[in-house]
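**Student:** Fold the following for me, if possible:
(2 chains)
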Amino acid sequence: MDISSIVSPENLVYAKPEIMNDNHMHYCPGCSHGVVHKIIAEVIKELDLQEKTIGIAPVGCAVFAYKYLDIDWQEAAHGRAPALATAVKRLNPDKMVFTYQGDGDLAAIGTAETIHAANRGENIAIVFINNGIYGMTGGQMAPTTLSKMVTSTSPDGRDVQMMGNPLKILDLLALLDGVCLATRVSVHTAAAVKKARRMVKQAFENAMAGKGTSIVEVVSTCNSGWKMTPADANNWMVENMFPVFPIGDLKNI
Amino acid sequence: MTEDVTLMKGNEAVAYAAIRYGVDGYFGYPITPQSEIIETLMEAAPWKTTGMVVLQAESEVAAINMVYGGAACGKYSMTSSSSPGISLKQEGISYLAGAELPCLIVNVQRGGPGLGTIQPSQSDYFQTVKGGGHGDYRLITLAPNSVQEMADFVSLGFDLAFKYRNPAMILTDGVIGQMMEKVKLPEYQRRRTEQEIREQCPWATLGKTKERGPNIITSLELDAALMEKNNERFQAKYRVIEQEEVRYQEIECEDADYLLVAFGSAARICQKAKDLAREEGIKVGLLRPITLWPFPGKILNEYAGKVKGMLTVELNAGQMVEDVRLAVNGKVPVEHYGRLGGIVPTPDGVLDALKEKIVK
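**Tutor:** Have a look, this model is predicted:
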């Protein structure tokens, strides 16, 4: 049988979201970023928000997020995405504004911007990729790096006495009155992806409804930085990351 | 017919002029001696009238990045601060220049370094015109010398910023910010609609339409060859600005034997010093740079062929004097007189310095 007789529109059961373009992704095979990008593209399409969405890209591995989704984007300085999003949303209240940030961006250099945007209850969505490491710069310790976890700046493992504890910033954010949604998801199984997609959709709906700040933390893998195969990285995340960063809603009102 | 003239502080004039110009967003953080700008805006509550957004940010860093977000939407976005706060904004200013975003920043300078003093100073000249942040960039810099110019330069600053897609700064100081003078505020101009912004700023990130591809505002380009092209584009733009936008004021320069060169509050003091000198028969003129970048070097070079010497007067240890010397290129002596750390020079002090250093 000729393959071309099978590849036809009526047999199509799955397709790349049309908001995702054909640019080659720079992410490592096995990395969670690609899956989360796809989820965002699907949700924007489903909510018919392509013409209303402004994304704010961070500094870190997702610095080039703007290359892959065909929406308007602003590239922020390291950690400042919530400040940009604050102004974009306040000056354009009818738009859907989201930031996409890693753990170093959101929970280290951008802590003040994150906390205060959330505390003001800015009507934005924050997608937060927590993989416990600085990927782009080559695997240094992040604020969310686990105790005893080896990175290039904690080569003998993170010594919490010397280097501080992994920062559970979502727990902090959940305490703030401006936050309407603080939830942790993952994307390592089909079921988890489905759940993550549901929470991203709710976050974007919250932003449009003016309910306050929504934060979706995606507990993620960095198999290159962790120096593991993608499958091993998934298992390691379940065994080691989930106990410290448990999956589920911390706040959903 | 009575003119619409009021008495107010320079800082207040900036706030009212911003509302009347149709500014979309102001983002700031309190710091002396410029807090009246955000206080006046909060008191005026323009969100109830023109729809202008006013927000007190958690820091100067956040405020300048809010300006970046607003500017990237093509909105008239501005912030203000004073020297230590402006230092904090330098990262954001560099990103604004790198992403070619138009906006207005007001620096009501105080004496430094460090926390310094809350008294007036002009010691951020280098930081402003030589690039306080990283990278090869330039800030369009306007130096008002009156409350009237504080009001007028809000619109001039935005006009130039949007004409060239480049951040602009009003570089003023605690004297001009705090002193009260009569001022005629500009006429009200309504804020632009989203459709008008989309037409004027086709690059603005206001949501992708079917008619165009995604708009991306970024200063990042990892390919060095392309980044060099970006830089060459910036430099070409800067050369045009240097050609087209130099502004200065000449006061009694025609017959002058000596020239005082000063900007902002120092120029006001020099106006009196010039009068005192002329009363003593010394023919002194005053050349006041209005744009500090682009710098009026050409006219200074022309005067170097006519006068016997120049004295720059600055509220600093000698910053603009370097640009005057570059322009004059050794043709005549150029000396500097300044007071430091928040002390404002007197007209008599300027006259004494002129006699001691230049007239002799």
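
**Student:** At the contact with chain A, which residues of chain B appear?
**Tutor:** By the rule Cβ under 8 Å from any Cβ of the partner chain, the part of chain B lying against chain A is B:24-25, B:27, B:53, B:55, B:57-59, B:61-63, B:65-70, B:72-73, B:75, B:77, B:91-92, B:95, B:99, B:194, B:205-210, B:213-220. All C-beta atoms are positioned from the backbone trio N, CA, C, and that covers glycine.

**Student:** which among those end up buried?
**Tutor:** Among the residues of chain B next to chain A, those buried by neighbour count (16 or more other Cβ atoms under 10 Å in any protein chain shown) are B:24-25, B:27, B:53, B:55, B:57-59, B:61-63, B:65-70, B:72-73, B:75, B:77, B:91-92, B:95, B:99, B:194, B:205-208, B:214-220.

**Student:** The residues of chain B next to chain A in helices, which ones?
**Tutor:** B:61-63, B:65-70, B:91-92, B:95, B:194 (DSSP state H).

**Student:** what's the farthest-apart pair in the residues you listed?
**Tutor:** The two members of those with the most space between them (Cβ to Cβ) are B:Glu91 and B:Glu194, at 29.3 Å.

**Student:** Give me the nearest residue to residue 138, chain neighbours excluded.
**Tutor:** Answering for chain A, as no chain was given. Excluding its sequence neighbours, the residue lying closest to A:Gly138 (Cβ to Cβ, 6 or more residues apart in numbering or on different chains) is A:Ser152, at 6.1 Å.

**Student:** try again with chain B
**Tutor:** B:Tyr238 (4.9 Å).

**Student:** tell me which element the one you found is part of?
**Tutor:** According to DSSP states H and E, B:Tyr238 maps onto helix B:224-244.

**Student:** Whichever helix or strand comes after that helix: partners in the sheet, and parallel or antiparallel?
**Tutor:** Downstream of helix B:224-244, the first helix or strand assigned by DSSP H and E is strand B:248-251. Strands that pair with strand B:248-251, judged by DSSP bridges, come out as strand B:284-289 (antiparallel).

**Student:** quick one: the partner strand to chain centroid distance?
**Tutor:** Relative to its chain's centre, strand B:284-289 lies at 18 Å (Cα atoms, centre = their mean, to the nearest Å).

**Student:** before we move on, what about stretch B:217-236?
**Tutor:** Taking Cα atoms, centre = their mean, one finds the center of stretch B:217-236 at 26 Å from the center of the full chain.

**Student:** what does stretch B:74-90 give?
**Tutor:** Distance of stretch B:74-90 from its chain centroid, counting by Cα atoms, centre = their mean, is 11 Å.

**Student:** can you map out the strands along the stretch 151-300 of chain B?
**Tutor:** With DSSP state E, counting those that start in this stretch as the criterion, the stretch 151-300 of chain B has strands at B:167-173, B:180-184, B:216-217, B:248-251, B:258-261, B:284-289, B:291-293.

**Student:** quick one: contacts of the second one?
**Tutor:** Identification of contacts with strand B:180-184 by Cβ atoms under 8 Å, 6 or more residues apart in numbering or on different chains yields B:3-10, B:13, B:146-148, B:150-151.

**Student:** go with 10 Å
**Tutor:** Residues outside strand B:180-184 that contact it (Cβ atoms under 10 Å, 6 or more residues apart in numbering or on different chains) are B:3-10, B:12-13, B:16-17, B:146-152.

**Student:** partner strands of that strand, parallel or antiparallel?
**Tutor:** Neighbouring strands of strand B:180-184 in its sheet, by DSSP bridges, are strand B:5-9 (antiparallel).

**Student:** do the same with the shortest one
**Tutor:** For strand B:216-217, the paired strands and their directions (DSSP bridges) read strand A:72-75 (parallel).

**Student:** now the angle from the helix or strand hosting B:Leu351 to strand B:284-289?
**Tutor:** Using DSSP H and E, the element containing B:Leu351 is helix B:347-354. Angle, helix B:347-354 to strand B:284-289, by axes from the mean of the first three to the mean of the last three Cα atoms, to 10 degrees: 100 degrees.

**Student:** buried sites along helix B:347-354?
**Tutor:** Under 16+ other Cβ under 10 Å, the buried positions of helix B:347-354 are B:347, B:349-351, B:353-354.

**Student:** Would you mind giving those residues as CSV with pLDDT and distance to B:Leu139 added?
**Tutor:** Converted to CSV, the buried residues of helix B:347-354 look like this (pLDDT from 0 to 100; distance: Cβ to Cβ, whole Å):
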residue, pLDDT, distance to B:Leu139
B:Pro347, 98, 31
B:Gly349, 98, 30
B:Val350, 98, 28
B:Leu351, 98, 33
B:Ala353, 98, 29
B:Leu354, 98, 31
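
**Student:** with the residues you listed in mind, which one is nearest to chain A?
**Tutor:** The shortest approach to chain A among the buried residues of helix B:347-354 belongs to B:Val350, at 42.1 Å (Cβ to the nearest Cβ).

**Student:** Quick check: chain neighbours aside, which residue is closest to whichever residue of the stretch 101-250 of chain A sits closest to chain B?
**Tutor:** Nearest residue of the stretch 101-250 of chain A to chain B, counting by Cβ to the nearest Cβ: A:His116, 3.9 Å away. In space, and not counting its chain neighbours, A:His116 is closest to B:Glu58: 3.9 Å by Cβ to Cβ, 6+ apart.

**Student:** For the longest helix along chain A, which residues meet the burial criterion?
**Tutor:** When chain A is parsed with DSSP H, its longest helix is helix A:190-209. Within helix A:190-209, the residues that count as buried by 16+ other Cβ under 10 Å are A:192-193, A:195-197, A:199-208.

**Student:** Mind exporting the C-alpha coordinates of stretch A:69-82 to PDB?
**Tutor:** Provided in PDB are the C-alpha atoms of stretch A:69-82 (Å, rounded to 0.1, in the frame of the first residue of the first chain):
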ATOM      1  CA  LEU A  69       4.600  30.800  18.700                       C
ATOM      2  CA  ASP A  70       3.100  33.100  16.100                       C
ATOM      3  CA  ILE A  71       1.800  35.800  18.500                       C
ATOM      4  CA  ASP A  72       3.100  39.200  19.500                       C
ATOM      5  CA  TRP A  73       6.000  38.900  22.000                       C
ATOM      6  CA  GLN A  74       8.200  41.100  24.100                       C
ATOM      7  CA  GLU A  75      11.600  39.900  25.300                       C
ATOM      8  CA  ALA A  76      12.200  41.100  28.900                       C
ATOM      9  CA  ALA A  77      15.500  41.700  30.800                       C
ATOM     10  CA  HIS A  78      16.300  38.900  33.200                       C
ATOM     11  CA  GLY A  79      13.600  38.600  35.900                       C
ATOM     12  CA  ARG A  80      11.600  41.600  34.800                       C
ATOM     13  CA  ALA A  81       8.800  39.900  32.800                       C
ATOM     14  CA  PRO A  82       6.100  40.600  35.400                       C
END
